[in-house]
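1. Give the three-dimensional model of this entry:
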Amino acid sequence: MGREQWKKIWVGSAGNMVEWFDWFVYATFAVYFADSFFPEGNETANLMNTMGIFAVGFFMRPVGGWLLGRIGDRKGRKAALTLTVTLMSASAILIAIAPTYDVAGYGGVAVLMLARLLQGLSVGGEYAASATYLTEASAPEKRGFASSFQYVSMTAGQLVGLGLQIVLQRNMSDAALHSWGWRIPFVVGALGAAIVFYLRRSMLETEVYAESGAAEQEDRGTLKVLWQHRREAFLVMALTMGGTVAYYTYTTYLTKFLSKSAGMDKSTASLVSFCALFVFMCVQPLAGMLSDRIGRRPLLITFAVGSTFLTVPIMTMLKHADTFWPALGLALLALVVVTGYTSINACVKAELFPTNIRALGVGLSYAVANALFGGTAEYVALWFKNAGAESGFYWYVAGCAAVSLIVYLSMRETRDIDLNRVAAAGQPRERPQQAGATTITPAS
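-> Next up, the predicted model:
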């Protein structure tokens, strides 16, 4: 992989890290500010209300996937990536200065809601733009490896958030964190976004986009063209379903689950999440490299089989793992299984669409599935807990993985698709076969 390709991956990943830091600190710090924006009452109910607002951000992601995906296909990947980080910076500032219930009543909730809507818009476009950019910026035989850095950077953003949380927990009183300390990460996020905005202004456009002629096509990035690829769009939604539910279960929800359900103190629960996510981040490129050798489907199928049959026992044991090492071991097992999806899902989705509709196709399709399943995962989990049937959530996660398993078993392999060539019917063609490569037959 050449120096210019590494530069593109670095700049794209750095922005992605800040985007997801801002997105995830809302979830990780929710246990501290949930009571600040609602009247005193049931702690679980207030957390549910706060996570309900978190879910609302997901429902803006399809709008972001459509709007910024359209910009990415019409104006270029660079333009979309620059705009997403601008929106994220604005949303972080709003949360940092949002007034509490004691100061402005439900006015604080309104500010929080507006900020989450902006975050949803931003992240909806960020996923599409970064997935497309990282896939297009890499050498054809290293797309799995390069695109794995999307989840490396996403996880790095979450690790920075968790690391900051651990530092604040060890240096501030619990009362101070509940009172004003939770605002600190949002100030940090806004500053980080400003730095990345500067970096992205000088980033390079991908050669695939620049040389494809997509920029000259009048109907590029439109819903009309996307409809011609509706089969691929529905495929993206179906293959995302199980992966996004499992991912949010073992990342953003894990700390709260260990704290509220397993009875672990908050600082230990945060440390478990931090250590598990660090290992998870490190194995992403390894799995991406493996997919470049054996294909994408074997990894996706491994994830789906593991999540379908292991989720219930893992979650059941996690509920009784009230000390560090047992909880860490179970969390690592779960996240290694999830790696089969996270490490390659960006390139799989990008490989399904031609250049003139790739950002919109990936962004809108993924965002719809993420809003329906990923964004509601924590709310569904808390709903089951509040109803006294917490184990029902375990079966829900396993069921979503089973649905995706059916999709993985029936979909075509995408590893050898040529991103630069588009067939008359709009279907991507394979790149010339390498020695030992497996022949791929595109779906009709």
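
2. Show me what secondary structure element comes after the lengthiest helix in the chain.
-> Counting by DSSP state H, the longest helix found in the chain is helix 43-75. Per DSSP states H and E, the first helix or strand lying C-terminal to helix 43-75 is helix 77-97.

3. pLDDT of that following helix, averaged?
-> Helix 77-97 carries an average pLDDT of 90.

4. cool, stretch 176-193 as well?
-> 92.

5. hey, C-alpha coordinates of it in PDB?
-> Extracted in PDB, the C-alpha atoms of stretch 176-193 (Å, rounded to 0.1, in the frame of the first residue of the first chain):
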ATOM      1  CA  ALA A 176     -19.200  16.500  40.700                       C
ATOM      2  CA  LEU A 177     -19.600  14.100  37.700                       C
ATOM      3  CA  HIS A 178     -23.400  14.200  38.000                       C
ATOM      4  CA  SER A 179     -23.400  17.900  38.500                       C
ATOM      5  CA  TRP A 180     -21.100  19.300  35.800                       C
ATOM      6  CA  GLY A 181     -18.200  16.800  35.000                       C
ATOM      7  CA  TRP A 182     -20.200  15.100  32.300                       C
ATOM      8  CA  ARG A 183     -19.900  18.200  30.200                       C
ATOM      9  CA  ILE A 184     -16.100  17.900  29.800                       C
ATOM     10  CA  PRO A 185     -16.100  15.200  27.100                       C
ATOM     11  CA  PHE A 186     -18.400  17.200  24.900                       C
ATOM     12  CA  VAL A 187     -16.100  20.200  25.100                       C
ATOM     13  CA  VAL A 188     -13.200  17.900  24.200                       C
ATOM     14  CA  GLY A 189     -15.200  16.500  21.300                       C
ATOM     15  CA  ALA A 190     -16.000  19.900  19.900                       C
ATOM     16  CA  LEU A 191     -12.300  20.900  20.000                       C
ATOM     17  CA  GLY A 192     -11.300  17.600  18.300                       C
ATOM     18  CA  ALA A 193     -13.800  18.100  15.500                       C
END
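
6. ok so, going back, list the helices and strands the longest helix of the chain packs on?
-> Judged by 3 or more CB pairs under 8 Å, 6 or more residues apart in numbering; DSSP states H and E, helix 43-75 is in contact with helix 3-28, helix 30-33, helix 77-97, helix 107-136, helix 252-260, helix 358-369, helix 377-386. (C-beta placed from N, C-alpha, C; glycine too.)

7. repeat that for 7 Å
-> Using 3 or more CB pairs under 7 Å, 6 or more residues apart in numbering; DSSP states H and E as the contact test, the elements touching helix 43-75 are helix 30-33, helix 77-97, helix 107-136, helix 358-369, helix 377-386.

8. Please identify the deepest-packed of those.
-> helix 358-369 (a mean of 30; mean count of other CB atoms under 10 Å).

9. starting at the chain centroid, how far to stretch 33-42?
-> 28 Å (CA atoms, centre = their mean, to the nearest Å).

10. Correction: the previous question concerned stretch 244-256.
-> On CA atoms, centre = their mean, the centre of stretch 244-256 falls 11 Å from the chain's centre.

11. mean confidence score for that stretch?
-> For stretch 244-256, mean pLDDT rounds to 92.

12. Then stretch 381-388?
-> Across stretch 381-388, pLDDT averages out at 93.

13. can you check stretch 312-323 too?
-> 95.

14. buried ones in that stretch?
-> Ile314, Met315, Leu318, Lys319, Ala321, Asp322 (16 or more other CB atoms under 10 Å).

15. how about those in CSV, adding secondary structure and distance to Leu271?
-> Shown next, in CSV, are those (DSSP: H, G, I helix; E, B strand; the rest coil; distance: CB to CB, whole Å):
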residue, secondary structure, distance to Leu271
Ile314, helix, 19
Met315, helix, 20
Leu318, helix, 15
Lys319, helix, 18
Ala321, coil, 13
Asp322, coil, 14
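
16. what's the farthest-apart pair in these?
-> With distances taken as CB to CB, the most widely separated pair in these is Ile314 and Asp322, at 15.4 Å.

17. follow-up on the earlier one: of all the helices and strands packed on helix 43-75, which one is nearest Trp182?
-> helix 30-33 (4.2 Å).

18. which helices and strands does that closest one pack with?
-> So helix 30-33, by 3+ CB pairs under 7 Å, 6+ apart, packs with helix 43-75.

19. Could you pull out the buried residues of the helix it packs on?
-> By neighbour count with 16+ other CB under 10 Å, helix 43-75 contains the buried residues 46-51, 53-75.

20. Repeat that for stretch 291-310.
-> In stretch 291-310, the ones that count as buried by 16+ other CB under 10 Å are 291-292, 295-297, 299-308, 310.

21. Contact partners for Ala371?
-> Shown in contact with Ala371 (CB atoms under 7 Å, 6 or more residues apart in numbering): Phe58, Phe59, Arg61, Pro62.

22. nearest to Asn171, of the helices and strands packed on helix 43-75?
-> helix 30-33 (14.2 Å).

23. what stretches of the protein score poorly on pLDDT?
-> Confidence mapping of the chain against pLDDT under 70 gives the ranges 1-2, 41-47, 51, 54, 214-216, 421-444.

24. still on that earlier bit, just the ones of the buried residues of stretch 291-310 in strands?
-> Nothing among the buried residues of stretch 291-310 maps onto strands, per DSSP state E.

25. follow-up on the earlier one: now the longest helix of the chain and helix 358-369, what's the angle there?
-> Per axes from the mean of the first three to the mean of the last three CA atoms, to 10 degrees, the angle that helix 43-75 makes with helix 358-369 is 160 degrees.
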